[in-house]
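Pasting a predicted model and its sequence here:
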Amino acid sequence: MSDAPARDEPDDAAFLRAWLAARDERCPNCRYVLRGLTATHCPECGLALVLRVGLEKPRQALLVLGVTGLASGLGFHALVLLWGVSQGAPGSDLVPLVLGVITCGALLPVWTCSARHLRRVQSGIRWLWALLCFVPGIVFFLVFIAHV
Ligand SMILES: [Zn+2]
């Protein structure tokens with residue numbers, strides 16, 4: 001058995017009230033100043049508030065790197081695809097671009113949802129996953145260049 005108090009026990013609410021009694025912290029949802037709050041919910045938006053330990057600076061470099069790789073692949077392929085369609089390019093020439101748009105577009109939400117799970121993985125492997133986000137855009141672009 002653990003001696004640690006379970007989450008949301010009365011002590012947590014007392015700590016939260018004590019923390020907010022002398023600080024001008026803002027609601028993370030609506031930015032309402034919570035100084036002197038006596039409840040555990042924001043009076044402005046109703047958000048349930050908790051006091052917890054967190055990182056001083058959120059580590060989001062890998063998330064941003066992966067999103068950059070996939071979003072750049074998606075945007076580049078979409079623009080070249082639109083340009084190719086406007087120029088009347090044959091459909092078979094545009095297949096790699098369509099596949100690039102579909103692949104990058106499908107992987108983008110997968111990456112954003114799963115990137116936070118990578119925090120527990122070894123650092124080198126995390127960076128490898130983030131750099132792999134550039135691969136679909138590069139591969140489909142090279143296939144497009146070789147095909148045209
Ligand atoms: Zn609020």
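All right, it came through fine. Model, not experiment: these values are computed from the prediction.

pLDDT below threshold where in this protein?
Applying pLDDT under 70 to the chain flags residues 1-10.

Where do the helices of it begin and end?
With DSSP state H, the ranges of helices along the chain come out as 10-21, 61-86, 91-114, 123-132, 135-147.

how far off helix 123-132 does the third one point, in degrees?
In this case it means helix 91-114. Calculated by axes from the mean of the first three to the mean of the last three Cα atoms, to 10 degrees, helix 91-114 forms an angle of 150 degrees with helix 123-132.

Contacts only, for the spatially most central residue of the chain.
The centroid of the chain falls nearest to Thr112 when counting by Cα atoms, centre = their mean (4.1 Å). Counting by Cβ atoms under 8 Å, 6 or more residues apart in numbering, Thr112 makes contact with Leu63, Val67. For the C-beta atoms, the positions are set from N, CA and C on the backbone; glycine is no exception.

Leu82 versus Leu55, what's the distance?
Note on Leu55: its distance to Leu82, by Cβ to Cβ, to the nearest Å, is 41 Å.

And those two? Which one has more around it.
For Leu55 and Leu82, the more surrounded residue by other Cβ atoms under 10 Å is Leu82, and the numbers stand at 12 against 7.

can you pull the contacts of that one?
Taking Cβ under 8 Å, 6+ apart as the contact definition, Leu82 lies against nothing.

Could you measure from the closest residue to Leu16 other than its chain neighbours over to the ion?
Nearest residue to Leu16, sequence neighbours excluded (Cβ to Cβ, 6 or more residues apart in numbering): Leu51, at 4.5 Å. Counting by Cβ to the ion, to the nearest Å, the gap from Leu51 to the ion is 15 Å.

ok, now how distant is Leu51 from Leu63?
From Leu51 over to Leu63 the distance is 25 Å, taken as Cβ to Cβ.

Next, format the helices of the chain as JSON lines and append distance to Cys42.
Shown next, in JSON lines, are the helices of the chain (distance: least, Cβ to Cβ, whole Å):
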{"stretch": "helix 10-21", "distance to Cys42": "11"}
{"stretch": "helix 61-86", "distance to Cys42": "27"}
{"stretch": "helix 91-114", "distance to Cys42": "26"}
{"stretch": "helix 123-132", "distance to Cys42": "34"}
{"stretch": "helix 135-147", "distance to Cys42": "41"}
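
Many thanks, have a good one.
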